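[1] Sequence and computational prediction follow.
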Amino acid sequence: MVMAKGVEDTAFYRTSRLASLTEVGGDPSEFAIDVAEFHRRQQARLASWPTSMTTLSTHDTKRGEDTRARIDAITEVPELWEEFVDRRRAAFDLGDGVLENLLWQSVVGAWPREREALHGYAEKAAREAGLSTRWTTPDAVFEQRLHAFIDRLFDDPDTHDDLERMVSFLQPAGYSNGLSAKLMQLTAPGVPDVYQGSELWERSLVDPDNRRPVDFGLRRKLLARLDGGELPPVDESGAAKLLVTSRALRLRRDRAELFTRYVPLVAAGAASEHVVAFDRGGAITIATRLPIGLENAGGWGATELLAREGTWRDALTGRVVEGGALPLATLLERYPVALLVREDA
């Protein structure tokens, strides 16, 4: 109860430096870790808790996994974000800076969303924080201003256009972050859990928003197309995420012997800091990190991933490559992730 009500449902709404950090099971005091520490923690998990659950979204998530993935992209452009918030506060100051920052990050992460859903989220966030209004003694004047804040997202042309521009800029990085996080979660040590609906983009906000009905019919249709050989673009349909999810889960189910170890892989080249990769014992996960910086640097260039010799097939695209030094520009030409399987395994 102390964690649920004191930390997750109060303190997390009073801390808004980066909203994606204030997540159930998270610790916002740890802003980030480097790749070496990520590998160390995965090795520790394999050694000590190999059957523990891994997940990115649950029925209790404050922000869905892909809402957080887009919010994470803000960390690459802090000056741009600061200018955006300054413009919006100059036009309409809510009177609660911490909450306002939380709302802007959450809205940008989840956009586009329904007006009613954002009204409900804003009111809940404000009352959970308990600073400007609260559940037991709602401040009607403040809440009226809060709802006016949400209405401006839809009704004020300048606010709406500024929001759309920011979302459009962050969207590609959000796609890349979302696919990378999903593939790593599904293939890293532990037992992966996929929360219902998160097979496609999961941009929900706190409950009850994250407990909405799921369109399983749509998912079945998309999966049938993928199984027919379609390689979808990375777009708003979320089909690319379903491709990653279905292929990774099937590989773990059908070829468990490929997921018995954890060996960090290193890259060589100018863009080496933009990749996270590991060999699980015959299945190699490759994921892109810091995609905005990667694009600004001109892409992968001649950067190569150093892997075991042999013939490898990407379970996502079917591309076949020879091991040793794997060119990332080729491997990640279509998607920001790859899942390689030893052809002779």
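    Nice, thanks for sending it over. Numbers count the residues shown, from 1 in each chain.

[2] CA only for contacts and neighbour counts going forward, please
    Will do.

[3] which residues touch stretch 158-174?
    Outside stretch 158-174, the residues that touch it by Cα atoms under 8 Å, 6 or more residues apart in numbering are 66, 69-74, 84, 88, 108-109, 111, 152-154, 290-292.

[4] Ok, stretch 242-253 next?
    So stretch 242-253 is in contact with 179, 182-183, 186-187, 199-200, 222-223, 226, 258-259, 315-316, 339, going by Cα under 8 Å, 6+ apart.

[5] Centroid-nearest residue for this protein?
    Taking Cα atoms, centre = their mean, the centroid of the chain lies closest to A69, which sits 2.7 Å from it.

[6] Can you name the helix or strand that it falls in?
    A69 is located in helix 65-73, with elements delineated by DSSP states H and E.

[7] cool, E202 as well?
    Going by DSSP H and E, E202 is not part of any helix or strand.

[8] again with A277
    Going by DSSP H and E, A277 is part of strand 275-279.

[9] Next SSE downstream of the helix holding A69?
    helix 78-91.

[10] That next one - contacts with which helices or strands?
    Judged by 3 or more Cα pairs under 8 Å, 6 or more residues apart in numbering; DSSP states H and E, the packing partners of helix 78-91 are helix 157-187.

[11] try it again with 10 Å
    helix 97-110, helix 157-187 (3 or more Cα pairs under 10 Å, 6 or more residues apart in numbering; DSSP states H and E).

[12] Looking at those, which is nearest to G310?
    Closest to G310 of these, according to Cα to Cα: helix 157-187, at 20.6 Å.

[13] Return the distance of the closest one from the chain's centre.
    Helix 157-187 has its C-alpha centroid displaced from the chain centroid by 8 Å (Cα atoms, centre = their mean, to the nearest Å).

[14] now stretch 270-286
    Distance of stretch 270-286 from the chain centroid (Cα atoms, centre = their mean) equals 18 Å.

[15] Would you mind measuring the gap between the ends of that stretch?
    When the termini of stretch 270-286 are compared using Cα to Cα, to the nearest Å, they are 17 Å apart.

[16] remind me which residues of this structure are low pLDDT?
    345 (pLDDT under 70).

[17] What residue spans form the domains of it?
    As assigned by automatic domain parsing, the chain contains the domains 1-254, 260-345.

[18] Figure out how far the longest one is from the centre of its chain.
    Averaged C-alpha coordinates place domain 1-254 at 7 Å from its chain's average position (Cα atoms, centre = their mean).

[19] show me where the stretch 201-345 of the chain has helices.
    Using DSSP state H, counting those that start in this stretch, the helices of the stretch 201-345 of the chain run over residues 216-227, 239-254, 291-296, 328-331.

[20] Run the angle between the helix holding A69 and helix 97-110 for me.
    Angle, helix 65-73 to helix 97-110, by axes from the mean of the first three to the mean of the last three Cα atoms, to 10 degrees: 120 degrees.

[21] Show me what counts as buried in helix 65-73.
    Across helix 65-73, burial judged by 16 or more other Cα atoms under 10 Å covers E65, D66, T67, R68, A69, R70, I71, D72, A73.

[22] so can I have a markdown table of those residues showing distance to V24?
    Shown next, in a markdown table, are the buried residues of helix 65-73 (distance: Cα to Cα, whole Å):
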| residue | distance to V24 |
| --- | --- |
| E65 | 12 |
| D66 | 15 |
| T67 | 14 |
| R68 | 12 |
| A69 | 15 |
| R70 | 18 |
| I71 | 16 |
| D72 | 16 |
| A73 | 20 |
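
[23] Return the distance of the closest residue in space to S20 that isn't next to it in sequence relative to L21.
    The shortest distance from S20 to any non-neighbouring residue, by Cα to Cα, 6 or more residues apart in numbering, is to R68 (4.8 Å). Using Cα to Cα, R68 is found at 8 Å from L21.
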